[in-house]
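J.: Show me how the following folds:
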Amino acid sequence: MILLANVIDSFVGAFDFIFHQREALTHGGVQVGGLDYIWPFARTQLEVTAVGLGGALAIALPIGLVLGHIGKGEYFAVGFGNAGRAVPEIAVVFLLAAIIGIGLGNVAIALGILGLPPILTNTFVAIRQVDRTAVQAGEAMGMRPWQVLLRVELPLAAPTIMAGVRTAAINIYATATIATFVGLSTLGDFIASESVYGRDGVVAGAILIAFFAMLIEAGLAGLQWLVTPRGVKLQRAARSA
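T.: Predicted structure coming up:
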């Protein structure tokens with residue numbers, strides 16, 4: 001009962017921190033907390049996530065599409081994906097921050113690198129898994145290679161590609177939390193600065209990070225549903241019935 005009461009108190013205090021201002025613990029007279037105070041931290045984390053994900057898509061998606069279409073580079077695409085997952089995210093962020101400096105753009109580069117493996121691997125695998133009879137039908141209709149890729153392979157591969165994008169987005173967003181340690185103010189500030197914000201601020205930061213992560217996941221899941229061809233949806237529904 002005592003543990004449950006402490007948990008409830010933590011959540012009550014965290015929500016009070018999110019919606020109401022209070023005086024900082026170690027900076028007398030400085031007001032912290034409240035939506036107006038918190039939003040710039042959340043916006044920065046979302047912005048750096050969007051820039052990093054956009055950069056990863058711009059690089060990994062075309063490479064995965066081309067390699068998957070021509071059927072070459074499997075060891076590179078899959079091996080790079082597996083190797084990328086083994087690299088500690090915090091090490092990449094700190095290393096690149098030390099090399100190229102801090103700031104939203106520079107941190108976004110480091111985060112974008114973390115998004116490359118799942119997008120590249122999923123795109124390559126998705127294109128290779130497209131039914132070859134559909135590809136051959138497109139070729140028989142006189143489509144050029146790029147038309148087959150964009151009009152036949154890409155739509156059919158979209159669900160698997162989007163799964164990789166969703167994984168990359170969450171990885172990037174979650175890692176952006178530690179950007180506070182390289183000088184970029186994100187929601188991680190509340191977790192890393194308990195001496196300023198108190199335990200309520202720490203719990204509030206964790207709640208907000210989870211909340212926006214769920215929003216990103218839900219948004220991308222909806223986008224995945226929208227780009228999935230109707231025939232593929234019906235086929236999946238038939239399988240699950």
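J.: Show the contacting residues for the spatially most central residue of the chain.
T.: Centroid check for the chain by Cα atoms, centre = their mean gives A169 as the closest residue, at 1.2 Å. By Cβ atoms under 8 Å, 6 or more residues apart in numbering, the contact set of A169 is 49, 53, 115, 216-217, 220. All C-beta atoms are positioned from the backbone trio N, CA, C, and that covers glycine.
J.: Quick check: buried residues in the longest helix seen in the chain?
T.: Identified as the longest helix of the chain according to DSSP state H is helix 35-70. Buried positions in helix 35-70, judged by neighbour count with 16 or more other Cβ atoms under 10 Å: 38, 41-42, 44-46, 48-49, 51-53, 55-57, 59-61, 63-69.
J.: Then stretch 18-35?
T.: 18, 22, 24-25, 32-33.
J.: Also stretch 5-12?
T.: Buried residues in stretch 5-12 (16+ other Cβ under 10 Å): S10.
J.: Name the nearest of the buried residues of stretch 18-35 relative to Q224.
T.: Closest to Q224 out of these is I18 (29.8 Å), distances taken as Cβ to Cβ.
J.: From T186, how far off is that closest one?
T.: I18 is 16 Å from T186, where distance means Cβ to Cβ, to the nearest Å.
J.: how about T186, secondary structure?
T.: When classified by DSSP: H, G, I helix; E, B strand; the rest coil, T186 comes out as coil.
J.: State the number of residues packed around it.
T.: Other residues lying near T186 total 29 when counted by other Cβ atoms under 10 Å.
J.: Please name the nearest non-neighbouring residue to it.
T.: Q45 (3.9 Å; Cβ to Cβ, 6 or more residues apart in numbering).
J.: so the one you found makes contact with T175?
T.: No - between Q45 and T175 there is no contact under Cβ atoms under 8 Å: 10.2 Å.
J.: before we move on, the earlier item: can you put the contacts of A169 in TSV and add pLDDT?
T.: Below are those laid out as TSV (pLDDT from 0 to 100):
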residue	pLDDT
T49	95
L53	96
G115	90
I216	96
E217	96
L220	95
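J.: Just flag the most distant two among these.
T.: Within the contacts of A169, two members stand farthest from each other by Cβ to Cβ: G115 and E217, at 14.6 Å.
J.: And these two? Which one has more around it.
T.: G115 (29 against 15).
J.: ranges for the strands of this protein?
T.: 22-23, 31-32 (DSSP state E).
J.: Output the contacting helices and strands for the first one.
T.: Yep, that's strand 22-23 we're talking about. Strand 22-23 sits against strand 31-32, with contacts defined as 3 or more Cβ pairs under 8 Å, 6 or more residues apart in numbering; DSSP states H and E.
J.: ok, the strand it packs on: who's next to it in the sheet?
T.: Applying DSSP bridges, strand 31-32 is found paired with strand 22-23 (antiparallel).
J.: tell me the average confidence for the strand it pairs with?
T.: Average pLDDT, strand 22-23: 90.
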